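Student: Sequence and predicted structure, then a few things I'm wondering about:
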Amino acid sequence: MTKEREQKVIWTRKDLLGLEELSKEEIELILYTAEGFKEVTTRQIKKVPALRGKTVVNLFYEPSTRTRTSFELAAKRLSADVINIVPESSSVTKGETLIDTGRNIEALRIDIIVVRHNCSGAPHILARSVKSSVVNAGDGWHEHPTQALLDMFTLKSKLTRIEGLNVSIIGDIAHSRVARSNIWGLTKLGAKVTVCAPRILIPEGIERMGVKVTDNLDEALKDADAINILRMQFERDEVLAFPSKIEYFKQYGITKERLTKCKKDIIVMHPGPINRGIEMSSEIADGANSVILEQVTNGIAVRMAVLYLVSHAKRI
Amino acid sequence: MTKEREQKVIWTRKDLLGLEELSKEEIELILYTAEGFKEVTTRQIKKVPALRGKTVVNLFYEPSTRTRTSFELAAKRLSADVINIVPESSSVTKGETLIDTGRNIEALRIDIIVVRHNCSGAPHILARSVKSSVVNAGDGWHEHPTQALLDMFTLKSKLTRIEGLNVSIIGDIAHSRVARSNIWGLTKLGAKVTVCAPRILIPEGIERMGVKVTDNLDEALKDADAINILRMQFERDEVLAFPSKIEYFKQYGITKERLTKCKKDIIVMHPGPINRGIEMSSEIADGANSVILEQVTNGIAVRMAVLYLVSHAKRI
Amino acid sequence: MTKEREQKVIWTRKDLLGLEELSKEEIELILYTAEGFKEVTTRQIKKVPALRGKTVVNLFYEPSTRTRTSFELAAKRLSADVINIVPESSSVTKGETLIDTGRNIEALRIDIIVVRHNCSGAPHILARSVKSSVVNAGDGWHEHPTQALLDMFTLKSKLTRIEGLNVSIIGDIAHSRVARSNIWGLTKLGAKVTVCAPRILIPEGIERMGVKVTDNLDEALKDADAINILRMQFERDEVLAFPSKIEYFKQYGITKERLTKCKKDIIVMHPGPINRGIEMSSEIADGANSVILEQVTNGIAVRMAVLYLVSHAKRI
């Protein structure tokens, strides 16, 4: 990304709710900003004063140690103060609505609310109700924008570009906010996206998002520059409908044999945590093509960029 | 409050346990100190180094996200380090007594212990056992001094004074530490306090605290400059004795119709979280007379003042 | 400890996993370093910038408010950022292995992982899997090195030396990682260690660790310069095999009567929390010979030293 391109767009959004509403230029600005912060995390003193005196609340209605920890670290490395609120142990049990909770948090002069919620659209309701910035850390089956951004950041840092890449997303597309955010982001930046899963796990009409659909893994792997393998959540009914974990692995699990037929430098991504021996073999998870741990590292830089941008938005 | 008045009293208490034992001048000193800190929370960088290198422990035997978060933010905005201890997951299950817990926390060289406990008097026992400062964040049905202080701070900032005001406290007086602390504080500062509730929720002998008692809402509203509406906790037996939530709302709920018969600028307060449609209608909660969210904001400033004063007490 | 002795050894270990593998000189270096940090905790501003910009994760598979809080405070007083991860609420429930968890934490660029685990050896597996430093905060019945180090630090600060002291460890030796770490540490530094418990609570072959064994309390007390009394965990089956708590107290509980027959300045230690009236009477716990609360205070200094040393290890 060149210096000129960076100057074409300035960040004006109070919130980051999803990639659907972002322009190509806005997504590129986040990725560009993240590059600067990535350098910070490699220093001996991994801290910059960009958000000193600001307060970030992690409001997680669904537990998620990984995403919450990543946001907490991102905020602390920007020198913000962080408060974790786990609503089950809080006023939610006293019947407070999301909007009341949001207004109360706003009244505490919180600069940014990072929210995860089991209902699609909850962050949007919250964002309309408060002057604080709201960052969506995953809402229902809807979007998980920072996960998709870190996936794209990782892709770009390995392959130098996103435009024109063939990216296949494999697994439970139907229940995956990670898939949806990736599709919005990747197609906006010019990648060709294929989704691949057993028919029962592909939502009807997904083609309208501009992706190719297949239930044949070989087809999804053939020309792929990168694959993004989703986590199978076997606690779901629809997933249980699938005969067995072993059967799933046989048909859709990524193995060394399968990867030999792919492009040599194919990038293997997974949002974690991996079910080893179900979504992929351990050889693949820990192999040369895997960038799974780099995704984790890049997550901090991307979240630092998002926290920084929403709190420094030009209100125009 | 004039500069001269401020200099009439210096803070000498190691602890803040309740408003019963404070003098009028001490309460005024807290409110005066909070005014200075309120300004801090409106800055871009909401942080002062007043408690840098000090450590505050939040020791909450009852869960309370709101009060705990408010204290945590207050401490962090004073640059203190904060440790949250939730005793159910700790040594309490191993049978450690409150005094042993306190002495162990003291041995960690903690400067201030903020304690919430379901037993009245627990903070007092703790305060006598340790050299660390103890701040009562609510003990049984006894006191919740910082809540009353933020209520008074809010009143004073809206109506410029407390002396001579008519303040009515409405709701479950019998089980409310908020009511008790407000009564102590308001009467010391010269307000005329009325308590109003169904008879079953008024403790016997409450008149001896210097308040007027009524079970008639209209009477409580008539001359009121401000009303403080308590939360109904329907999990309590005595409250369940009341026919129904709808019945309660009919007799004691604050509605637009009722407010039109009151003083035009009547102040509506509530410690939160509100049961909308039970203690008051949503019109009132979100209306022009409501200062409920300002109370939340002021809570930080008041708690910053309390933490600051107890840790800078002149030991004379 | 003289200046010269300090310079004989430099710290080269990435991790602190146990006292078994440390040399006498390494243990002395930790104790010497802790002396400097102890001074810090007595200052008005109890903070030094030694770990500024570093991140410490507390990864506790077993709950422990005391040890976790002590590490959290130690890290914060070194100006590190601290993240608490409680694995039951995290990816562990999603089946992630310890090694995957460790690699994910490492990918977050965490400098130090403080780990408590119910399985002996878990910290060693973790340490081999990650470049981050690993500090063992207790693993199964194996080791609890920082507890033993703080016990030794306390002993040395009271009695000026450890060499040649008679130290008796009393209680459930069989299930105590505290006992094992103390035995390794004390014998390396030249103390004579006796372990004393009912036969059923003494592991077979413990003599091979270089200790004297007895089930007779009077014998263990006779020449002792210090006693370290372990916590009885009555939830264990083997302990329940013992007739009753009262019976235990009668045979092994430390009382004033028993202490009068000991050396006048005998040091009484306990890792806490105490079962008053079982392991010892309250007179003893709160008496002049008890250093139990000093142990808590010293725990911070010792843990600051450990965190400092592992993060400044010379990699040679």
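Tutor: That came through fine.

Student: make it CA atoms for all contacts and neighbour counts henceforth
Tutor: Will do.

Student: Could you give the number of residues near the residue lying closest to residue A:304 once chain neighbours are set aside?
Tutor: Nearest residue to residue A:304 in three dimensions, chain neighbours excluded: residue A:74, at 4.9 Å (CA to CA, 6 or more residues apart in numbering or on different chains). Applying other CA atoms under 10 Å in any protein chain shown, we find 27 residues neighbouring residue A:74.

Student: Show me what residue of the stretch 101-250 of chain A gets nearest to chain C.
Tutor: residue A:233 (9.0 Å; CA to the nearest CA).

Student: wait, is that residue part of a strand?
Tutor: No: per DSSP: H, G, I helix; E, B strand; the rest coil, residue A:233 lies outside any strand segment and is coil.

Student: Residue A:118 versus that one, what's the distance?
Tutor: To residue A:118, residue A:233 is 15 Å away according to CA to CA, to the nearest Å.

Student: Over to residue A:222?
Tutor: On the measure of CA to CA, residue A:222 and residue A:118 end up 35 Å apart.

Student: check contacts around the closest residue to chain B within the stretch 1-150 of chain A.
Tutor: Distances between the stretch 1-150 of chain A and chain B by CA to the nearest CA are smallest at residue A:53, namely 4.2 Å. Contacts for residue A:53 (CA atoms under 8 Å, 6 or more residues apart in numbering or on different chains) come out as A:79-81, B:44-47, B:77.

Student: now it, what's its secondary structure?
Tutor: Assigned with three-state DSSP, residue A:53 falls in the coil class.

Student: Which residue is the nearest non-sequential neighbour of it?
Tutor: Excluding the flanking residues, the one nearest residue A:53 by CA to CA, 6+ apart is residue B:45, at 4.2 Å.

Student: Enumerate every residue touching the one you found.
Tutor: Residue B:45 touches A:52-54, counting by CA under 8 Å, 6+ apart.

Student: try it again with 10 Å
Tutor: For residue B:45, the contact set (CA atoms under 10 Å, 6 or more residues apart in numbering or on different chains) comprises A:51-55, A:80, B:77.

Student: How about residue A:73?
Tutor: With CA under 10 Å, 6+ apart, residue A:73 has these contacts: A:67, A:79-80, A:82, A:300-301, A:303-304, C:55, C:81-83, C:108-110.

Student: My reading is that residue A:35 lies in a strand. Confirm?
Tutor: No: secondary structure of residue A:35 (three-state DSSP): helix, not part of a strand.

Student: what's the helix or strand for the nearest residue to it once chain neighbours are set aside?
Tutor: Closest residue to residue A:35 apart from its sequence neighbours, by CA to CA, 6+ apart: residue A:301 at 7.2 Å. Element membership for residue A:301 (DSSP states H and E) is helix A:292-311.

Student: and that helix, what does it pack onto?
Tutor: On a contact count with 3 or more CA pairs under 10 Å, 6 or more residues apart in numbering or on different chains; DSSP states H and E, helix A:292-311 meets helix A:24-40, helix A:65-77, strand A:112-117, strand A:133-139, helix A:145-159, strand A:267-269, helix C:98-107.

Student: which residues make contact with the shortest one from outside it?
Tutor: Contacting residues not belonging to strand A:267-269 are listed as A:151, A:154-155, A:158-159, A:167-169, A:224-230, A:254, A:259, A:280, A:284-285, A:287-295 [CA under 10 Å, 6+ apart].

Student: same thing but 8 Å
Tutor: Against strand A:267-269 from outside (CA under 8 Å, 6+ apart): A:151, A:155, A:225-229, A:289-292, A:295.

Student: average model confidence for the helix or strand following it?
Tutor: Counting by DSSP H and E, the element after strand A:267-269 in chain order, helix or strand, is helix A:282-285. On average, the pLDDT along helix A:282-285 is 96.

Student: Helix A:282-285 packs against which elements?
Tutor: Judged by 3 or more CA pairs under 8 Å, 6 or more residues apart in numbering or on different chains; DSSP states H and E, helix A:282-285 is in contact with no other helix or strand.

Student: Would you mind listing the buried residues in it?
Tutor: In terms of neighbour count (16 or more other CA atoms under 10 Å in any protein chain shown), helix A:282-285 has its buried residues at A:282, A:284-285.

Student: re earlier: got the contact list for the residue nearest to residue A:35?
Tutor: Counted by CA under 8 Å, 6+ apart, residue A:301 has contacts A:34-35, A:37-38, A:41, A:74.

Student: Can you name the element that comes right after the helix or strand containing residue A:183?
Tutor: Residue A:183 is part of helix A:177-188 when elements are defined by DSSP H and E. For helix A:177-188, the succeeding helix or strand toward the C-terminus, using DSSP H and E, is strand A:192-196.

Student: How about residues contacting that next one?
Tutor: Contact partners of strand A:192-196, identified using CA under 8 Å, 6+ apart, comprise A:164-171, A:173, A:183, A:186-187, A:202, A:210-217, A:220.

Student: Please state the offset of it from the chain centre?
Tutor: Centroid displacement of strand A:192-196 relative to its chain, using CA atoms, centre = their mean, to the nearest Å, is 17 Å.

Student: Pull the residues that contact whichever helix or strand comes after that strand.
Tutor: Downstream of strand A:192-196, the next assigned helix or strand under DSSP H and E is strand A:212-214. With CA under 8 Å, 6+ apart as the test, strand A:212-214 has contacts from A:193-197, A:206-207, A:220.

Student: how about those in CSV, adding neighbour count, pLDDT and distance to residue B:131?
Tutor: Shown next, in CSV, are the contacts of strand A:212-214 (neighbours: other CA atoms under 10 Å in any protein chain shown; pLDDT from 0 to 100; distance: CA to CA, whole Å):
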residue, neighbour count, pLDDT, distance to residue B:131
A:193, 26, 98, 64
A:194, 22, 98, 66
A:195, 26, 98, 64
A:196, 26, 98, 64
A:197, 23, 95, 64
A:206, 16, 96, 65
A:207, 12, 96, 68
A:220, 24, 98, 68
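
Student: Tell me the buried residues in stretch A:301-316?
Tutor: Under the neighbour-count criterion of 16+ other CA under 10 Å, stretch A:301-316 has A:301-311 buried.

Student: And those residues, which is closest to chain C?
Tutor: Set against chain C, the nearest of the buried residues of stretch A:301-316 by CA to the nearest CA is residue A:301 (10.0 Å).

Student: which ones are touching residue A:161?
Tutor: Taking CA under 8 Å, 6+ apart as the test, what residue A:161 contacts is residue A:155.

Student: 10 Å - rerun?
Tutor: A:1, A:152-153, A:155, A:189-191.

Student: any low-confidence regions in chain A?
Tutor: In the predicted model, chain A carries pLDDT under 70 at residues A:1-7, A:88-96, A:235-243, A:315-316.

Student: if you set the cut-off to 80 instead, what comes out?
Tutor: Residues of chain A that meet the criterion pLDDT under 80 lie in A:1-8, A:87-96, A:234-244, A:315-316.

Student: Closest residue of it to chain C?
Tutor: Proximity of chain A to chain C (CA to the nearest CA) peaks at residue A:45, 4.2 Å away.

Student: Was I right to think residue A:314 contacts residue A:15?
Tutor: No: between residue A:314 and residue A:15 there is no contact under CA atoms under 10 Å: 11.9 Å.

Student: thinking again about what came up before, phi first, then psi, for the residue of the stretch 101-250 of chain A closest to chain C.
Tutor: For residue A:233, the backbone dihedrals are phi -100, psi 100 (criterion: degrees, to the nearest 10).
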